[in-house]
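Undergrad: After the sequence you'll find the predicted model.
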Amino acid sequence: MGGDSIESVVVVSPDVMVSSGARGFAKKLNDAPLAIIDKRRSAHNESEVMNIIGDVRGKVAVLVDDMIDTAGTITNAGKALRQQGAREVYACASHAVFSPPAIERLSSGVFNEVIVTNTIPVRAEDMFPGLTVLSVANVLGESIWRVYNSASVQALRD
């Protein structure tokens, strides 16, 4: 996101059903505004964007989801955000399943950057420019330490 101020960021949920996770992420970004993608599923792993609820024009849109499987939903959401005037679009997910044709979709130029964690190892042949893989090692280590020492694991989320 370069030198953009936090005021130019909008956190986007790619689905009404996962909007609470995006809302939590937005709160961590100084209570950034939230937008929600209203989509319809025509079949398994196929979706169509119907509406975008919220203002994304001229903003840096940060899509937040739990996982990316075939990347159909998140790519359709990214395209819709671009069509509605988002200046930049980032895709973030915890779990990189990356079933075909995910890599082709994610590397197609829709996203400025795709950010995932290594909860599922990303194969070397699935790496592409614009993909950032963050390690969960520190969080896992801290969680294990807290459980072992009877400390709060919930505090890691706060």
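TA: Nice, thanks for sending it over.

Undergrad: Can you tell me which helices and strands the helix or strand of the chain with the lowest mean pLDDT packs against?
TA: Lowest mean confidence among the helices and strands of the chain (mean pLDDT, DSSP states H and E): strand 46-53, at a mean of 78. Judged by 3 or more Cβ pairs under 8 Å, 6 or more residues apart in numbering; DSSP states H and E, the packing partners of strand 46-53 are strand 34-43, helix 72-83. All C-beta atoms are positioned from the backbone trio N, CA, C, and that covers glycine.

Undergrad: Packed most tightly, which of the ones you listed would that be?
TA: Among these, the stretch with the highest mean neighbour count (mean count of other Cβ atoms under 10 Å) is helix 72-83, at a mean of 22.

Undergrad: ok, and what's touching the least confident helix or strand of the chain?
TA: 12, 35-42, 72-73, 76-77, 79-81, 84 (Cβ atoms under 8 Å, 6 or more residues apart in numbering).

Undergrad: Partner strands of it, with direction?
TA: Sheet pairing of strand 46-53 (DSSP bridges) gives strand 34-43 (antiparallel).
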